[in-house]
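Trainee: Could you look at this predicted model? Sequence included:
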Amino acid sequence: MNRIFSGMQPTRQLHLGNYLGALRNWVALQNDYECIYCVVDLHALTLPQEPDVLRNNIREVAAAYIAAGLDPERNIIFNQSAVSAHAELSWILSCHAPLGWLNRMTQFKEKSQGKQANDAVLGLFAYPVLMAADILIHKATHVPVGEDQKQHLELARDVAGAFNRAYGQDYFPLPEPQILGEATRVMSLRDGTKKMSKSDTSDYSRINMTDDADTIAQKIRKAKTDPEPLPTAVEGLAARPEADNLVTIFAALADTSRADVLARFGGQNFSGFKKELVDLAVDRLAPITTRMRELTGDKAEIDRILKRGAERADAIASRHLAEVKDIVGLLRF
Ligand code: TYM
């Protein structure tokens, strides 16, 4: 049986990269798979958080899921910390994850940059093992993510394989990454060589899912470009990261390909293209933003959805955790 699992961290605001690289694909997948979508609040604790802000962000991410089109009845939507089997499996898997594998993780290297080696916290280093546990506790077979999560997913597969070998059985399926659509890696609007990210100090580097139409327009107008007109073919985007990024965003929002976008705008300068991109982005994002605002205004409803989701997730996760405990030789009463 196929089962999807994926998640987002409730750290600051979601942005266009999260939407195009992941959330939008999740909405499409709900028609064909059993899906579990998690707000990974324990992962958020790997960087310093303000408790009240974190609480709000957890609800806001859940609201974004629903506003983008995930049906909380058809899918299981919950916050990670509400299902303790995630953290418990993480411990067991950490006993099967060699330090050498974790030392290779580029995200840890990036996030601990600027810190003395011994000051980075253990949770940040162990982050990919908790992510493996998220997926494996549900025996998920497919994991839709943006390209930046590929290395973490490889680790999840390796850890699943190590566990299976250690106990001589094919218990965990090896989860397949699903890196889908045109915009698997949305780049910063200020620098086409850097990933669009929540942690960028410039708000002009990203379009947030809560930005209003004027803000979106301003950010796109100010987005970095180069002096050449748009190329007529995809090959012409090769050494032009900012042009490539804007064309990719356009293609993803319009549900078409970069080649189609260039067939329409090739040879033109950026100003006309940017005007169209503003209209398209506002058209696609405004209904989601409006719905998100409505939902976040009703905390009790969000909490009810998360609680119900946690109960459903727990029913799956507890069963698997019990099986894992039996496999590894722990006593259950
Ligand atoms: P997070 O919260 O950083 O991002 C959530 C999702 O958004 C995608 N994404 C992007 N896609 C395209 N372009 C970008 N600029 C961009 N930025 C982010 C991410 O690839 C991701 O799919 N470790 C995960 C959360 C996690 C998880 C899991 C995911 C925890 N456990 C289990 C899948 C399965 C993360 O930090 O995502």
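Mentor: Nice, thanks for sending it over. On a predicted model such as this, the values are computed, not experimentally measured, just so you know.
Trainee: list the contacts for the closest residue to the ligand within the stretch 101-250 of the chain?
Mentor: Closest approach of the stretch 101-250 of the chain to the ligand (Cβ to the nearest ligand atom) occurs at G146, with a separation of 2.3 Å. Just so you know, the C-beta spots here come from the backbone N, C-alpha and C atoms, and that holds for glycine as well. Applying Cβ atoms under 8 Å, 6 or more residues apart in numbering to G146 gives the contacts 17-18, 21-22, 179, 184-186.
Trainee: for A44, same thing?
Mentor: Per Cβ under 8 Å, 6+ apart, neighbours of A44: 9-11, 54, 57.
Trainee: Can you report how many residues neighbour the residue nearest to G69 when sequence neighbours are not counted?
Mentor: Closest residue to G69 apart from its sequence neighbours, by Cβ to Cβ, 6 or more residues apart in numbering: V27 at 4.1 Å. Neighbour count for V27, taken as other Cβ atoms under 10 Å: 18.
Trainee: Packing partners of the helix or strand containing V27?
Mentor: Here V27 sits within helix 24-29, counting by DSSP states H and E. Applying 3 or more Cβ pairs under 8 Å, 6 or more residues apart in numbering; DSSP states H and E, one finds that helix 24-29 makes contact with strand 3-8, strand 34-39, helix 51-68, strand 142-144.
Trainee: quick one: the lowest-mean-pLDDT helix or strand in the chain to chain centroid distance?
Mentor: For the chain, counting by mean pLDDT, DSSP states H and E, helix 106-111 ranks last in confidence among helices and strands (a mean of 88). Computed by Cα atoms, centre = their mean, to the nearest Å, the chain-centroid distance of helix 106-111 equals 16 Å.
Trainee: Tell me the helix or strand right after it.
Mentor: Downstream of helix 106-111 (by DSSP H and E), the next one is helix 122-136.
Trainee: That next one near the ligand at all?
Mentor: Yes: counting by Cβ under 6 Å from any ligand atom, the ligand has neighbours in helix 122-136: 131, 134-135.
Trainee: Mind checking the pLDDT average for that helix?
Mentor: Helix 122-136 carries an average pLDDT of 97.
Trainee: Would you mark the buried spots in that helix?
Mentor: Residues of helix 122-136 classed as buried by neighbour count (16 or more other Cβ atoms under 10 Å): 124-136.
Trainee: Run the angle between it and strand 34-39 for me.
Mentor: Angle between the axes of helix 122-136 and strand 34-39 is 160 degrees (criterion: axes from the mean of the first three to the mean of the last three Cα atoms, to 10 degrees).
Trainee: what's in contact with helix 122-136?
Mentor: 5, 7, 38, 40, 42-43, 45-47, 80, 86-87, 89-90, 93-94, 97, 102, 105, 107-108, 111-112, 143, 152-153, 155-156, 159-160, 163, 172, 175.
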